[in-house]
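Trainee: pasting the sequence and the predicted model now:
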Amino acid sequence: MPPKLHALVSPFFLTRLRLRKGIRETVALAGPTGKLIDIGCGQKPHRDLFPGITAYEGIDFEGFSANKDFQTGRPDFQFPKSYTDDWRLPFNDASYDHAAAFEVIEHHPEPAQLLKDAARIIRPGGYVFLSWPHIFPLHEEPHDYFRYTPHSVRRMAEGAGLEAVHFIPTGGLWAVMVTLLTANLAQFHERGGWRGIIGILAYPPLLLLQYLCVPFAGCVNRTTVLSYVALLRKKPVR
């Protein structure tokens with residue numbers, strides 16, 4: 001099945017639809033140009049949302065988690081073996097205009113250090129584009145460590161020399177409920193055997209439910225949020 005078609009029947013179709021909408025809105029707000037580094041980039045699934053970026057580069061581990069829902073792509077750089085000791089990216093200070101880390105910060109055991117080093121490698125006034133799940137099942141275990149509110153990210157950003165410009169909640173109660181249903185069914189299916197057969201039979205109505213939820217997925221409140229996209233800015237030198 002081609003990757004684009006596979007994404008349309010994915011248990012996480014609604015989640016990714018809302019995430020990409022949030023990233024698109026954040027990029028439109030910032031209008032980034034120049035050179036960007038995507039930290040924990042995987043297959044760089046969101047590079048097409050940055051039309052003003054002339055050099056979109058990515059870094060990840062050698063055995064990064066490939067996702068069949070995306071077109072094939074690879075990181076440009078690998079984290080050095082020392083990364084899990086000092087959490088320092090192998091780039092000089094201010095060597096990029098902007099940085100991004102999409103669905104990464106919940107997997108990083110030292111999230112404050114991630115933001116500090118992202119701030120180090122971008123120029124003053126540059127942006128950090130960030131996204132993370134808020135109400136979402138455990139995934140990529142055992143490397144799923146945290147869930148964050150905007151308040152905690154704002155606090156970490158300030159400590160890293162970044163100012164929080166904007167937060168976008170990607171989905172509310174309806175999106176949360178549908179995502180939890182489809183994600184748990186997918187996990188049930190992955191256990192194989194009779195569970196795999198039941199998962200396949202039960203999935204079509206839940207896929208339809210994802211599509212029916214699309215018009216309502218953006219109805220959000222302050223307390224029940226599927227995920228967030230944040231725009232952070234490195235404070236200019238004064």
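Mentor: Thanks, I have the structure now.

Trainee: for the chain, what are the low-confidence residue spans?
Mentor: Flagging of the chain using pLDDT under 70 yields the residue ranges 1-5, 68-69, 71-72, 238.

Trainee: swap in 50 and give it another go.
Mentor: Low-confidence segments of the chain, defined by pLDDT under 50: 1-3.

Trainee: that one: helices as residue ranges?
Mentor: In the chain, the segments counted as helices under DSSP state H are 3-8, 13-30, 83-86, 111-120, 150-159, 173-189, 193-213.

Trainee: burial count for residue 27?
Mentor: Using other CB atoms under 10 Å, residue 27 has 22 neighbouring residues. Where you see a C-beta, it was placed from the backbone N, CA and C, and this is true even at glycine.

Trainee: okay, and the beta partners of residue 227?
Mentor: Per DSSP bridges, the residues bridged to residue 227 are residue 133.

Trainee: distance of it from residue 17?
Mentor: Using CB to CB, to the nearest Å, residue 227 is found at 12 Å from residue 17.

Trainee: show me which of the two is the more surrounded one.
Mentor: A direct count of neighbours by other CB under 10 Å for residue 227 and residue 17 places residue 227 higher, at 24 against 21.

Trainee: quick one: contacts for that one?
Mentor: Counting by CB atoms under 8 Å, 6 or more residues apart in numbering, residue 227 touches 15, 18-19, 22, 131-134, 136, 169-171.

Trainee: residue with max distance from the center of this structure?
Mentor: residue 194 (32.7 Å; CA atoms, centre = their mean).

Trainee: and residue 56, how many neighbours?
Mentor: Other residues lying near residue 56 total 19 when counted by other CB under 10 Å.

Trainee: correction: the previous question concerned residue 57.
Mentor: Neighbour count of residue 57, defined by other CB under 10 Å: 17.

Trainee: ok, now how distant is the residue nearest to it when sequence neighbours are not counted from residue 51?
Mentor: Residue nearest to residue 57 in three dimensions, not counting chain neighbours: residue 76, with 4.5 Å by CB to CB, 6 or more residues apart in numbering. The spacing between residue 76 and residue 51, counted by CB to CB, is 19 Å.
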